[in-house]
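Student: with the input below, show me the fold.
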Amino acid sequence: MPPELPGYYYDVQKNRYFPLKGPIPGSSRTSSSSSSAPHHKRASKPTTMVDSCSKADLRAVKLIQARELYGNVIASSKGKWNFKEKFQNLLASKPVVWKYRGTGRMGDSALQEIPINVHTLEGQMESTVLLTGNISGSLSFFGVGEGDQHIERGVNCCPELVWPLAGENQMVREVPGDIWQLSGASLQMSSNISSIKLFKKRFPLVHDDVSDIQHALISTLGSDSSGGSVYVLNLVEPLDFNRSIPVIRRRIHEVASFNCSIWTADCESSGGRAVIGTNMGAASVDMETSRISWILHGKSDIFALQLIHSENVVLCGLRNGMIVTIDTRERQGVCKRLVRHRIPYLPVDRDSRTSSQQWYKLTGNIYPSCTVKMPSSISSLVSLQFDDRYFLSSSMDGSVRLYDHRLIQRGAVQTYDRHANSHTRIQLGVDPTETFVASGGEDCNFRLWNIKSGKLIFEDKFVDAVPSTICWRRAGRFPREQNGYLGCGDHSWGAWLGSQGGLHYVSFPRS
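Tutor: Numbers count the residues shown, from 1 in each chain. Just a heads-up that it's a prediction; the model follows:
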């Protein structure tokens with residue numbers, strides 16, 4: 001029997017809900033009036049239950065009622081709206097957040113979740129690990145998957161509920177289990193870990209996520225005494241955390257070193273080439289030969305970059321607020337020198353509130369018509385995978401914007417309000433369905449927006465440090481406290497956050 005909804009009754013023959021007000025379709029007025037009393041009595045009990053629920057639960061009930069009556073596209077005084085989108089926003093507005101004890105200062109500069117194979121006492125198993133990097137140069141593995149419970153050596157990090165707060169009327173359906181800081185799975189690098197990116201090479205006859213991940217590209221920022229470096233961490237063979245030799249030290253090797261700072265990096269899916277952003281410009285690195293080719297020179301640091309468009313084009317976000325599009329392919333023929341460009345822009349004079357055109361000089365294979373300037377230094381760039389004509393960017397004045405490459409000269413096609421940033425490199429994170437974008441802020445708040453509408457879905461503070469890194473979780477198994485692990489059919493939707501306050505897991509209700 002379908003569940004009872006307050007104010008409605010269910011007609012079995014017509015297979016739908018009807019409001020209690022007015023006569024029942026297909027019946028006489030007399031019979032409807034005589035039968036209305038028991039219907040009201042039956043409806044009163046659920047009403048009491050709903051009244052004790054949260055406002056979000058009441059909104060969910062009203063949404064379901066509206067869908068039963070009007071279908072997926074619902075008209076209201078404010079216009080038409082889509083049930084699926086509304087319901088997704090509602091679920092995303094009710095996260096449950098867990099802080100993992102003993103993970104302070106882990107993952108505050110780089111964070112990636114990786115499906116891997118591991119050797120355990122029970123044999124080889126599929127599992128999941130977090131690869132974290134911090135500003136002190138520590139590179140560490142945390143076990144978050146099923147196989148890691150069989151590893152002998154490691155320190156358990158327990159989850160602690162930090163949101164919703166005590167007294168909030170919200171049901172917590174799943175309690176995640178411990179994660180493991182694996183012994184022998186840490187390595188102290190020469191300087192700050194500036195980025196971690198994964199190689200994803202797909203094979204025609206293999207369809208599991210574990211086989212997709214081949215290597216991890218790791219870059220270090222550099223220090224006063226030496227420049228940054230680019231490394232590759234081999235993840236092809238199953239990892240063995242029970243051996244005495246540290247697993248990262250056995251698997252990592254340096255590809256190239258620079259005499260400048262490396263702020264960010266990205267790599268081709270095949271792992272054949274990496275692109276790095278430095279304080280001198282952008283460079284391409286051949287991963288087999290370690291050959292370095294500069295593709296952009298300028299006087300402004302490159303804080304963010306991302307490969308797009310069949311990996312022949314890279315987006316670069318600069319300290320001066322410019323976002324430039326570069327063709328990474330080598331020029332054929334006699335002249336292979338980089339082209340000099342004078343890019344016009346309109347800086348705003350805050351004192352006189354007037355604008356005057358100025359020019360910025362760059363050298364590289366740039367598309368001048370695909371250049372745009374944000375109000376402050378670029379903090380993060382994310383190109384959408386389902387349609388890479390669109391990309392998200394954030395800058396260090398609190399701006400978050402969505403651009404279309406085809407209309408970039410017209411400005412942003414969507415903006416996202418209330419982000420807080422003035423000088424920090426904070427990552428944007430897009431969920432796997434590319435419905436939402438999330439980010440931490442300098443006010444220590446975590447925010448979630450709907451990409452399409454620009455609406456702020458969630459905003460609150462549950463950590464005393466800036467959530468500077470984010471990694472959306474892959475759909476898959478996740479440990480829980482009651483009976484070890486969720487079944488293979490259960491999938492969690494959520495994201496890992498890294499900050500100097502430690503690792504947090506943000507879990508969202510399932511639809």
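Student: neighbours of residue 472, how many?
Tutor: A count of nearby residues for residue 472, using other CB atoms under 10 Å, gives 18. In this view, the C-beta of every residue, glycine as well, is placed from N, C-alpha and C.
Student: nearest residue to it in space, please, no chain neighbours.
Tutor: The spatial neighbour of residue 472 that comes closest, neighbours along the chain excluded (CB to CB, 6 or more residues apart in numbering), is residue 495 at 4.7 Å.
Student: so residue 388: helix, strand or coil?
Tutor: coil (DSSP: H, G, I helix; E, B strand; the rest coil).
Student: hmm, back to that, going on from the helix or strand containing the residue nearest to residue 472, what's the next piece of helix or strand?
Tutor: Per DSSP states H and E, residue 495 falls inside strand 493-499. Going down the chain from strand 493-499, the next helix or strand is strand 502-508, by DSSP H and E.
Student: list the neighbouring strands of that following strand plus their orientation.
Tutor: strand 96-100 (antiparallel), strand 493-499 (antiparallel) (DSSP bridges).
Student: mind listing what residue 421 touches?
Tutor: Residue 421 makes contacts with 379, 394-398, 441-442, as judged by CB atoms under 8 Å, 6 or more residues apart in numbering.
Student: and it, that one's in a helix?
Tutor: No: if the criterion is three-state DSSP, then residue 421 is coil and not within a helix.
Student: quick one: it from residue 130, how far?
Tutor: Per CB to CB, to the nearest Å, residue 421 is found 24 Å from residue 130.
Student: can you pull out the residues in contact with the strand holding residue 495?
Tutor: 95, 106-111, 113, 130, 132, 429, 431, 438, 440, 446, 463, 465-473, 475, 503-508, 510.
Student: stretch 283-300 now?
Tutor: For stretch 283-300, the surrounding residues in contact (CB under 8 Å, 6+ apart) are 230, 232, 255-256, 258, 267, 271-276, 280-282, 302, 314, 316, 318-320, 322, 324, 326, 328, 330, 338, 360-366.
Student: just the buried residues of these.
Tutor: Buried members of the contacts of stretch 283-300, scored by 16 or more other CB atoms under 10 Å, are 230, 232, 255-256, 258, 267, 271, 273-276, 280-282, 302, 314, 316, 318-320, 322, 324, 326, 328, 338, 360, 362-366.
Student: among those, which are located in strands?
Tutor: 230, 232, 255-256, 267, 273-276, 281-282, 302, 314, 316, 318, 322, 324, 326, 360, 362-364 (DSSP state E).
Student: got the residue ranges for the strands in the stretch 101-250 of the chain?
Tutor: 110-120, 123-133, 138-143, 154-157, 159-163, 179-188, 193-200, 213-220, 229-234, 239-240 (DSSP state E, counting those that start in this stretch).
Student: and those strands as TSV, adding mean pLDDT and distance to residue 373?
Tutor: TSV is the format used below for the strands of the stretch 101-250 of the chain (pLDDT from 0 to 100; distance: least, CB to CB, whole Å):
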stretch	mean pLDDT	distance to residue 373
strand 110-120	89	27
strand 123-133	90	30
strand 138-143	93	35
strand 154-157	84	43
strand 159-163	93	37
strand 179-188	86	39
strand 193-200	91	24
strand 213-220	91	26
strand 229-234	96	29
strand 239-240	82	44
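Student: poorly predicted segments of the stretch 1-150 of the chain, please.
Tutor: 1, 3, 5-9, 14, 17-81, 83, 146-150 (pLDDT under 70).
Student: switch to 50 and redo it
Tutor: 22-53 (pLDDT under 50).
Student: the stretch 351-500 of the chain too?
Tutor: 351-352, 476-491.
Student: what do you get if the cut-off is 90, keeping everything else the same?
Tutor: Along the stretch 351-500 of the chain, the model assigns pLDDT under 90 to residues 351-361, 365, 367-369, 385-388, 409, 473-493.
Student: for the closest residue to residue 327 other than its chain neighbours, give me its contacts.
Tutor: Residue nearest to residue 327 in three dimensions, not counting chain neighbours: residue 365, with 4.2 Å by CB to CB, 6+ apart. Contacts of residue 365 were listed using CB under 8 Å, 6+ apart, and they are 295, 326-329, 331, 338-339.
Student: look up how far residue 196 lies from residue 365.
Tutor: 27 Å.
Student: go on, residue 144?
Tutor: Counting by CB to CB - residue 144 and residue 196 are separated by 15 Å.
Student: more crowded one of those two?
Tutor: Using other CB under 10 Å, the more surrounded residue of residue 144 and residue 196 is residue 144, with 27 against 24.
Student: so what's the backbone phi/psi at that one?
Tutor: phi -130, psi 10 (degrees, to the nearest 10).
Student: just checking, it touches residue 128?
Tutor: Yes: counting by CB atoms under 8 Å, residue 128 is a contact partner of residue 144 at 5.2 Å.
Student: for these two, list the residues in contact with both.
Tutor: Contact criterion CB under 8 Å, 6+ apart; residues shared by residue 144 and residue 128: residue 113.
Student: check contacts around the residue nearest the centre of the chain.
Tutor: In the chain, the residue lying closest to the centroid (CA atoms, centre = their mean) is residue 429, at 2.6 Å. When contacts are counted by CB under 8 Å, 6+ apart, residue 429 touches 382, 437-439, 470-472, 495.
Student: export the strands paired with strand 502-508 to a markdown table and tack on distance to residue 219 and mean neighbour count?
Tutor: Compiled in a markdown table, the strands paired with strand 502-508 are given as follows (distance: least, CB to CB, whole Å; neighbours: other CB atoms under 10 Å):
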| stretch | distance to residue 219 | mean neighbour count |
| --- | --- | --- |
| strand 96-100 | 25 | 22 |
| strand 493-499 | 16 | 24 |
